[in-house]
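Engineer: Got a predicted model here, sequence first, then my questions.
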Number of protein chains: 2
Amino acid sequence: MKSIKVFAPATVANVTCGYDILGFAVHEPGDEVLIKLTDSPGIKIKEIYGDRGLLPKDAERNTVSVAIKAFIDHLDIQPGVDIYLHKKMPLGSGLGSSAASAVAGIFGLNALLDNPLKVSDLLPFAMQGEAMACGEAHADNVAPALLGGFVLIRSYNPLDVVKIDSPKDLYATIIHPHIEIATKDARSILKKSILLKDAVQQWGNVAGLVTGLIKEDYALIGRSMEDVIIEPVRSMLIPGFDQVKAAALEAGALGCGISGSGPSIFSLSRSRDIAIQVGEAMNECFQSLNISSDRFISLVNQQGPLIIS
Amino acid sequence: MKSIKVFAPATVANVTCGYDILGFAVHEPGDEVLIKLTDSPGIKIKEIYGDRGLLPKDAERNTVSVAIKAFIDHLDIQPGVDIYLHKKMPLGSGLGSSAASAVAGIFGLNALLDNPLKVSDLLPFAMQGEAMACGEAHADNVAPALLGGFVLIRSYNPLDVVKIDSPKDLYATIIHPHIEIATKDARSILKKSILLKDAVQQWGNVAGLVTGLIKEDYALIGRSMEDVIIEPVRSMLIPGFDQVKAAALEAGALGCGISGSGPSIFSLSRSRDIAIQVGEAMNECFQSLNISSDRFISLVNQQGPLIIS
């Protein structure tokens, strides 16, 4: 029986000013998915570990199996697929948990099937898993989880995904405070219309951030990491956000913001030492508010999914 | 008596999706300004050629003298400055006419004074001329006229201007139809608030356009030259805009849009031959509507102002 075990990484979507269009992958945390090809057609979620019983084993409601179903329907084949999902990252943390699982699943199955599709062509199927989990087919977690590095989703219709170069020594510090925000809630509090003048400021920053990443201009990256539209609203859902962000910048971070829809907060720094100091400072802030948290420090993950065995 | 004659280029602001934050310079058209240092303190507009009598000779109301006044006030000197302004580009065309004059003036005076300021530090003074001419201190014409090439205005407060690399063989085709739009009217018809979903599409395109320029990815430049916010409104002021744009794309342009607040329309192309064909096609469209027009074809001007004598 052929089997494969794949790790797919957590991702930071939005990256301050790039709401819905920008994301990057890290080396940890992430999810692992074991895929086995069997002789009895059909997709089965055999086991889920590490989810505290929260995720559905029903193959029509699980992000991994929905993504795999979309993929094999496209290939017009009917293999037997057993799925073992190892959640190794917090659910509902704003770190692209469902995206990591879906990507690990279809990346693994594609490899088991001797790569009928290029990796980049797997994206629409992973997005279908995401659509089931989040209500909308966003790509800003799925695309960096699949492709690695920083990824721009220039357009959704048609889907147009562009890898963005970034400095090789750019480190992310992620703090996941143990509070809960539902992605759907985090979307519903956003206003449907915004001021043109704020949008102009935001797209100036988006252009600056992308330019800074490509040109390895750390100062420009830092100046551009400003979100005048989404963060002022969503940060209200995260106790202590302003203090944590101030502490990160004080400790030397280039910039700091909400990861995806939160509650995790990420910073970017130009060395591992600074990223560690930033993590200490952010963590102390949450501790002073009696909020426990997890901490992750990682280079930007340029690779994406990784075959473990 | 020391004197200098300087050419400063026309500029295309906005560049489709980059409203208020992006612009680039061309080699023609442009304005020429002759500056003479005299012994009698004070700034005088001695002559204006080519403006059909439309521009004020009053030094407190002319964009060149206002910019020069701001510059010498900053230097805390009181030279005598005589200004001869040769308008060699159409007024009110959406090609940064007032910006070109102001930039030529202060660039020339700075050179006459043995460069007390770096060229990039002249920007705020040129912007004061622009503020007088347009009512607001925009930089998306002044900055590329002064610095050359593509320029991103990441932020206005504080002012943060970033040069953006672009392909060496990128050509602009500009058609100036002989109709009139006042910049203030073109601003007043814009809505003050926009849909978040449209803003997301726009900043995806802005990020794509900047990435395409830096990476010399012509296809990405073309896909990203889409403006879902400003163009749908302002294009209503330009008869035949939709046909002219369609003709430009049909003839091989990477993209096409309104130059600044119009009525000029610009296209970008990846060779001179294509840029010429695009110009023919755009021109024919306006001819069929009985609208006469000027046509300019130019490489992106990487240099900015040029000392003529």
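Structural biologist: Good, I have the coordinates.

Engineer: Show me which residues of chain A sit near chain B.
Structural biologist: A:17-22, A:152-155, A:160, A:162, A:164, A:190-197, A:199-211, A:214-215, A:220, A:223-224, A:229 (Cβ under 8 Å from any Cβ of the partner chain). All C-beta spots, glycine's among them, are computed from the backbone N, C-alpha and C.

Engineer: among those, which ones are buried?
Structural biologist: Neighbour-count burial (16 or more other Cβ atoms under 10 Å in any protein chain shown) applied to the residues of chain A next to chain B gives A:17-22, A:152-155, A:160, A:162, A:164, A:194-196, A:199-211, A:214-215, A:220, A:223-224, A:229.

Engineer: Tell me how many other residues crowd A:K163.
Structural biologist: Using other Cβ atoms under 10 Å in any protein chain shown, A:K163 is surrounded by 17 other residues.

Engineer: what sits against A:V66?
Structural biologist: By Cβ atoms under 8 Å, 6 or more residues apart in numbering or on different chains, A:V66 lies in contact with A:59-60, A:102, A:128-129, A:132.

Engineer: hmm, try it at 10 Å
Structural biologist: A:43, A:59-60, A:98, A:102, A:105, A:125-126, A:128-133 (Cβ atoms under 10 Å, 6 or more residues apart in numbering or on different chains).

Engineer: Following the longest helix seen in chain A in sequence, what is the next regular element?
Structural biologist: Criterion DSSP state H: the longest helix present in chain A is helix A:196-215. Once the chain leaves helix A:196-215, the next helix or strand it forms, by DSSP states H and E, is helix A:218-224.

Engineer: CA atoms only: put the helix or strand bottoming out on mean pLDDT in chain A into PDB for me.
Structural biologist: Lowest by mean pLDDT, DSSP states H and E among the helices and strands of chain A is helix A:183-188, with a mean of 75. Provided in PDB are the C-alpha atoms of helix A:183-188 (Å, rounded to 0.1, in the frame of the first residue of the first chain):
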ATOM      1  CA  THR A 183     -12.700  34.100  11.100                       C
ATOM      2  CA  LYS A 184     -16.300  34.700  10.100                       C
ATOM      3  CA  ASP A 185     -16.700  37.200  13.000                       C
ATOM      4  CA  ALA A 186     -13.400  38.900  12.100                       C
ATOM      5  CA  ARG A 187     -14.700  39.400   8.600                       C
ATOM      6  CA  SER A 188     -18.200  40.500   9.600                       C
END
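
Engineer: Give me the contacts around it.
Structural biologist: Under Cβ under 10 Å, 6+ apart, the answer for helix A:183-188 is A:92, A:94, A:98, A:133-136, A:138, A:182, A:230, A:233-234, A:237-238, A:258, A:260-263.

Engineer: cutoff 7 Å now
Structural biologist: Contacts with helix A:183-188, where a contact means Cβ atoms under 7 Å, 6 or more residues apart in numbering or on different chains, come from A:134-135, A:234, A:237, A:261-262.

Engineer: And stretch A:122-141, end to end?
Structural biologist: Taking Cα to Cα, to the nearest Å, the span from the opening residue of stretch A:122-141 to its closing residue is 14 Å.

Engineer: Show the average pLDDT along that stretch.
Structural biologist: Average pLDDT, stretch A:122-141: 87.

Engineer: and that stretch, how far from the chain's centre?
Structural biologist: Remark: stretch A:122-141 is offset 11 Å from the chain centroid, using Cα atoms, centre = their mean, to the nearest Å.

Engineer: Could you check that stretch and say which residues are buried?
Structural biologist: By neighbour count on 16+ other Cβ under 10 Å, the buried set for stretch A:122-141 is A:122-123, A:125-134, A:137-141.

Engineer: do the same with stretch A:22-30
Structural biologist: Buried residues in stretch A:22-30 (16+ other Cβ under 10 Å): A:22-27, A:29-30.

Engineer: Of the residues you listed, which belong to helices?
Structural biologist: Within those, no residue falls in helices by DSSP H.

Engineer: In strands, which of those fall?
Structural biologist: Among the buried residues of stretch A:22-30, DSSP state E puts A:22-27, A:29-30 in strands.

Engineer: SS state for the closest residue to A:M127 other than its chain neighbours?
Structural biologist: Spatial nearest neighbour of A:M127, excluding adjacent residues (Cβ to Cβ, 6 or more residues apart in numbering or on different chains): A:A137 at 4.5 Å. Using DSSP: H, G, I helix; E, B strand; the rest coil, the structure places A:A137 in coil.

Engineer: Got phi/psi on A:A137?
Structural biologist: Note on A:A137: backbone dihedrals following degrees, to the nearest 10 are phi -90, psi 70.

Engineer: likewise A:D20?
Structural biologist: Torsion angles, degrees, to the nearest 10, at A:D20: phi 70, psi 0.

Engineer: Relative to B:D273, how far out is the closest residue to it other than its chain neighbours?
Structural biologist: Excluding the flanking residues, the one nearest A:D20 by Cβ to Cβ, 6+ apart is B:V200, at 4.8 Å. Distance, B:V200 to B:D273, using Cβ to Cβ, to the nearest Å: 37 Å.

Engineer: Repeat that for A:G204.
Structural biologist: 34 Å.

Engineer: pretty sure A:K88 is touching A:E28, no?
Structural biologist: No - A:K88 is beyond contact range of A:E28, at 8.4 Å (criterion: Cβ atoms under 7 Å).

Engineer: Show me what the mean pLDDT comes to for the helix or strand harbouring A:D294.
Structural biologist: Following DSSP H and E, the helix or strand that holds A:D294 is strand A:293-299. Throughout strand A:293-299, pLDDT has a mean value of 97.

Engineer: Tell me which stretches of chain A form helices.
Structural biologist: Using DSSP H, helices in chain A cover A:63-75, A:97-112, A:123-134, A:142-147, A:183-188, A:196-215, A:218-224, A:231-234, A:241-250, A:272-288.

Engineer: can you tell me which residues contact the residue lying closest to A:A143 once chain neighbours are set aside?
Structural biologist: In this structure, A:A143 finds its nearest non-sequential neighbour in A:V151, 4.3 Å apart by Cβ to Cβ, 6+ apart. Contacts for A:V151 (Cβ under 7 Å, 6+ apart) come out as A:23, A:143-144, A:161, A:163-164.

Engineer: one more time with 10 Å
Structural biologist: Counted by Cβ under 10 Å, 6+ apart, A:V151 has contacts A:11, A:13, A:21-25, A:123, A:139-145, A:161-164, A:304.

Engineer: And for A:K245?
Structural biologist: A:231, A:235, A:238, A:253, A:255-258, A:265, A:267, A:282, A:285.

Engineer: ok, and the most crowded of those?
Structural biologist: The most neighbours of any of the contacts of A:K245, using other Cβ under 10 Å, belong to A:S267, which has 31 neighbours.

Engineer: and the nearest residue to A:L213 once chain neighbours are set aside, how many residues sit next to it?
Structural biologist: In this structure, A:L213 finds its nearest non-sequential neighbour in A:S166, 4.5 Å apart by Cβ to Cβ, 6+ apart. For A:S166, the neighbour count with other Cβ under 10 Å is 19.

Engineer: how close does A:S166 sit to B:I21?
Structural biologist: Taking Cβ to Cβ, one finds A:S166 at 22 Å from B:I21.

Engineer: swap in A:A104?
Structural biologist: Between A:A104 and B:I21 the computed distance is 38 Å (Cβ to Cβ).

Engineer: Kindly report the same for A:E136.
Structural biologist: 28 Å.
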